[in-house]
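> Sharing a model prediction with you, sequence too.
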Amino acid sequence: MTPGAGIKRCPLVVIFFTRYVYTIWRGIATSRCKERAIDRLVVKLNEGREWMKRIGMVLAIAACVLLVTAPAWGQDSTKAAAAPAKAETKAAVKHQYVGETKCKMCHKAQYESWSTTKHAKAWASLKPEEQKKAECNECHMTGKTAADSMLVNVACEACHGPGSDYKMTKNMKDPKLAAEAGLMPITEASCTRCHNKKSPTFKPFDFAKAKDPAAGGVHKHPVKAKS
């Protein structure tokens, strides 16, 4: 080998050696970066675990509070819902017709007096075709019972209101209770509901006369002797 050839090859050796050292250094650097990245990831994961623990504790406390207070909330909402429901039920109460024979049990004199009046024969005064008309039935019958039985003629409850609730003795002895149970006061409006110009047989109406049994009123009004 000539001295000149060795000199020419030295730069190539240096170049290869430099590249070799660079490759090794790059691998070491890369591995260090990876280690650092892994270390950072581990740190972040640990931090995340700590936060998860804290969040878990907060959720557990919130769940306990809900379990303790939920029954009370349920009771309050139930009471709130029950109050209007109760009011609606009370408002929805509908008094039922029971028929004049029930009234007769305690008001025999009034019943017998009424049975002689035109009110007691109101249904029979209609022609068969008229009995099928709603506008005629409105003032020539009392109503229907809870069992859907027709109560013809203008009987007690046509003026005093359905008696299913006020007919009880304890209510009839107390005017306030009777009124609350559906007993209607008799006023001129009670009569002019039917005795008006809409009726094909209308005649001038005198409320005072209609109340007077001696003048052919609706029925006698016996007065109890004071004890």
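On my side now, so go ahead.
> ok, residue 125 - contacts?
Residues near residue 125 by C-beta atoms under 8 Å, 6 or more residues apart in numbering: 118, 140. From N, CA and C alone the C-beta is placed, and that goes for glycine too.
> any chance you could map the strands in the protein?
Remark: strands assigned in the chain by DSSP state E are 141-144, 150-152.
> mind putting those in a markdown table, mean pLDDT and mean neighbour count included?
Shown next, in a markdown table, are the strands of the chain (pLDDT from 0 to 100; neighbours: other C-beta atoms under 10 Å):
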| stretch | mean pLDDT | mean neighbour count |
| --- | --- | --- |
| strand 141-144 | 93 | 18 |
| strand 150-152 | 94 | 17 |
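> Okay, now the unreliable bits of the chain?
Within the chain, the segments meeting pLDDT under 70 span 1-45, 47-48, 70-93, 213-217, 220-227.
> one more time with 90, if that's ok
Residue ranges of the chain with pLDDT under 90: 1-94, 110, 113, 116-118, 146, 169, 186, 198-227.
> Show me how it divides into domains.
Domain assignment for the chain, taken from automatic domain parsing, gives 8-67, 100-215.
> Report the separation between residue 68 and residue 62.
Residue 68 sits 11 Å away from residue 62, taking C-beta to C-beta, to the nearest Å as the criterion.
> ok, now residue 174?
Distance, residue 174 to residue 62, using C-beta to C-beta: 57 Å.
> Would you state the helices of this protein in chain order?
With helices called from DSSP state H, the chain shows them at 3-92, 100-104, 108-114, 134-140, 156-160, 169-172, 175-180, 188-192, 207-211.
> ok, how many other residues are close to the closest residue to residue 184 other than its chain neighbours?
The shortest distance from residue 184 to any non-neighbouring residue, by C-beta to C-beta, 6 or more residues apart in numbering, is to residue 161 (3.8 Å). Taking other C-beta atoms under 10 Å as the neighbour definition, residue 161 ends up with a count of 21.
> Report the contact partners of residue 161.
With contact set as C-beta under 8 Å, 6+ apart, residue 161 has these partners: 95, 182, 183, 184.
> Residue 188 now?
Taking C-beta under 8 Å, 6+ apart, one finds residue 207 in contact with residue 188.
> What distance do you get for it to residue 212?
To residue 212, residue 188 is 14 Å away according to C-beta to C-beta.
> likewise residue 56?
89 Å.
> In terms of neighbours, single out the busier of these two.
The neighbour comparison of residue 56 against residue 212 (other C-beta under 10 Å) goes to residue 212, with 13 against 10.
> which ones are touching that one?
Residue 212 makes contact with no residue, according to C-beta under 8 Å, 6+ apart.
> could the strands of the chain go into JSON lines alongside distance to residue 121?
As requested, these are exported to JSON lines (distance: least, C-beta to C-beta, whole Å):
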{"stretch": "strand 141-144", "distance to residue 121": "12"}
{"stretch": "strand 150-152", "distance to residue 121": "10"}
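> Relative to residue 196, which of those strands is closest?
If you check each of the strands of the chain against residue 196 by C-beta to C-beta, strand 141-144 wins as the nearest, at 17.5 Å.
> so what does the closest one touch, helix or strand wise?
Applying 3 or more C-beta pairs under 8 Å, 6 or more residues apart in numbering; DSSP states H and E, one finds that strand 141-144 makes contact with strand 150-152, helix 156-160.
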